[in-house]
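**Student:** Compute the structure for the input listed below.
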Amino acid sequence: MFIEKRKAGKDTKYYLVHSYRENGNVKKLRKYLGLNLSPVSLQKAREESEKQINRELKRLSTEVFAFSLTKSQLNKLNKYEEKIKIRHLQGWRWKIFTEKFTYNTNAIEGSTIQLSEVPEILRRKKAKNAEELETKGVAKAVAFIRTTKEDLSLNLIKKLHSLCFEGSKHFAGKFRNVEVVIRTGAGEIVHAGVPAAQLNEYLDDLISWYRENKDKFKPLILATIIHNQFEFIHPFQDGNGRVGRLLLNFILLKKGYPPININFVDRRKYYEALQEYSQHNDLKHTIKFLVEQYKKTLEQVTTKLLIRKNVGP
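**Tutor:** All right, here's what the predicted structure looks like:
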């Protein structure tokens, strides 16, 4: 929340403003505080208006991320989870998952490291270049989300970024203070991160929403919501895709689900699903895509996890 001043001749009007997304647009809750207020009066008026805005936000708590789910819609999304029967990765299967996830998540972002090179890079004590540093970094981040007892927080998000990019990016572990956009290979802008001036507010909303709603959704739905909204915000200058996919798996593991490896060869479908959320607030495409990726992941690490076939959405 921030104070907005408006000049009216020689007078100054004060408002308390809170921004949020709804139906793909940024909207604002604005409360009038008063005219020509002293610092003491301004602070008092602000405290009262913050209470009013927080009450409204609580009422809208499931709509913070530009979508609202009716009970019927939520039940329909939750049915996707009926397609998966949970079995956990054990022992050497975690090693295989780490190698494949590290390769794929970096390749999606343009890394030229090949899957066959990953095991040797992870065995070596020192990396030879930035791509190898990021290979080792992502593997460290996977180990971290497997073992940490922390819950989702801004510090955890920054730690994941730092683990991935320490030594390869000068802004590792730091939220951006610049504007960012995502472009196609032809230079077309397909998504712009939230304005840098509103970044802290969006991130605070992300954590607040998670704390209030983490027990209301099944694990895959919850993880998808956090992942998609994180990618919509795009809080880092670079590296948002990798951190977002780590967050997806952090929440799945936290809730007792096995992790998902999003395959490089399926990156186009992945981006299309994210665009459906960004542009139309549609979560279904991402969830359906992730169910498909679960099947592939578990085939790749040769677990006995069974995916029930022919179950409709």
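
**Student:** Now do the SS call for residue 19.
**Tutor:** strand (DSSP: H, G, I helix; E, B strand; the rest coil).

**Student:** Going by neighbour count, list what's buried in stretch 35-42.
**Tutor:** 37, 42 (16 or more other CB atoms under 10 Å). The way it works is simple: take the backbone N, C-alpha and C, and place the C-beta from them, glycine included.

**Student:** Is it correct that residue 1 is in contact with residue 30?
**Tutor:** No: assessed by CB atoms under 8 Å, residue 1 is found out of contact with residue 30, at 10.3 Å.

**Student:** ok, the two, which is more surrounded?
**Tutor:** Using other CB atoms under 10 Å, the more surrounded residue of residue 1 and residue 30 is residue 1, with 17 against 14.

**Student:** tell me what the helix or strand where residue 33 lies is packed against?
**Tutor:** If you go by DSSP states H and E, residue 33 is part of strand 25-35. Judged by 3 or more CB pairs under 8 Å, 6 or more residues apart in numbering; DSSP states H and E, the packing partners of strand 25-35 are strand 2-8, strand 11-22, helix 39-59.

**Student:** Does anything pack onto the longest one? Which helices or strands?
**Tutor:** Which is helix 39-59. strand 11-22, strand 25-35.

**Student:** Quick one: closest of those to residue 114.
**Tutor:** strand 11-22 (39.0 Å; CB to CB).

**Student:** okay, the angle between that closest one and helix 39-59?
**Tutor:** If you take axes from the mean of the first three to the mean of the last three CA atoms, to 10 degrees, strand 11-22 sits at 20 degrees to helix 39-59.

**Student:** Only C-alpha atoms, please: export strand 11-22 in CSV.
**Tutor:** Backbone C-alpha positions of strand 11-22 (Å, rounded to 0.1, in the frame of the first residue of the first chain) are rendered in CSV as follows:
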residue,chain,number,x,y,z
ASP,A,11,-4.8,22.0,-1.3
THR,A,12,-3.5,18.5,-1.1
LYS,A,13,-5.8,15.5,-1.0
TYR,A,14,-4.4,12.2,0.4
TYR,A,15,-5.4,8.7,-0.6
LEU,A,16,-4.3,5.2,0.5
VAL,A,17,-3.9,3.0,-2.6
HIS,A,18,-3.6,-0.8,-3.0
SER,A,19,-3.1,-2.4,-6.4
TYR,A,20,-4.2,-5.9,-7.4
ARG,A,21,-5.0,-8.0,-10.5
GLU,A,22,-8.5,-8.9,-11.6
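
**Student:** any shared contact partners between residue 1 and residue 30?
**Tutor:** The overlap between the contact sets of residue 1 and residue 30 (CB atoms under 8 Å, 6 or more residues apart in numbering) consists of 16-18.

**Student:** which of these has the most neighbours?
**Tutor:** residue 16 (22 neighbours).

**Student:** Look up how far residue 36 lies from the residue sitting furthest away from the middle of the chain.
**Tutor:** Largest separation from the mean C-alpha position in the chain: residue 10, at 45.2 Å (CA atoms, centre = their mean). Going from residue 10 to residue 36 by CB to CB, to the nearest Å gives 9 Å.

**Student:** can you map out the helices along the stretch 51-200 of the chain?
**Tutor:** Here the stretch 51-200 of the chain has its helices, by DSSP state H, counting those that start in this stretch, at 71-78, 92-108, 118-123, 130-147, 154-165, 199-213.

**Student:** Pull out the C-alpha coordinates of the fourth one and format them as PDB.
**Tutor:** Backbone C-alpha positions of helix 130-147 (Å, rounded to 0.1, in the frame of the first residue of the first chain) are rendered in PDB as follows:
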ATOM      1  CA  ALA A 130      28.600 -19.800 -16.500                       C
ATOM      2  CA  GLU A 131      26.500 -22.600 -17.900                       C
ATOM      3  CA  GLU A 132      28.300 -25.200 -15.800                       C
ATOM      4  CA  LEU A 133      27.900 -22.900 -12.800                       C
ATOM      5  CA  GLU A 134      24.200 -22.800 -13.400                       C
ATOM      6  CA  THR A 135      24.000 -26.600 -13.900                       C
ATOM      7  CA  LYS A 136      25.600 -27.100 -10.500                       C
ATOM      8  CA  GLY A 137      23.500 -24.300  -9.000                       C
ATOM      9  CA  VAL A 138      20.200 -25.800 -10.100                       C
ATOM     10  CA  ALA A 139      21.200 -29.200  -8.700                       C
ATOM     11  CA  LYS A 140      22.000 -27.500  -5.400                       C
ATOM     12  CA  ALA A 141      18.600 -25.900  -5.400                       C
ATOM     13  CA  VAL A 142      16.900 -29.300  -6.000                       C
ATOM     14  CA  ALA A 143      18.800 -30.700  -3.000                       C
ATOM     15  CA  PHE A 144      17.600 -27.700  -1.000                       C
ATOM     16  CA  ILE A 145      13.900 -28.000  -1.700                       C
ATOM     17  CA  ARG A 146      14.100 -31.800  -0.900                       C
ATOM     18  CA  THR A 147      15.400 -31.200   2.600                       C
END
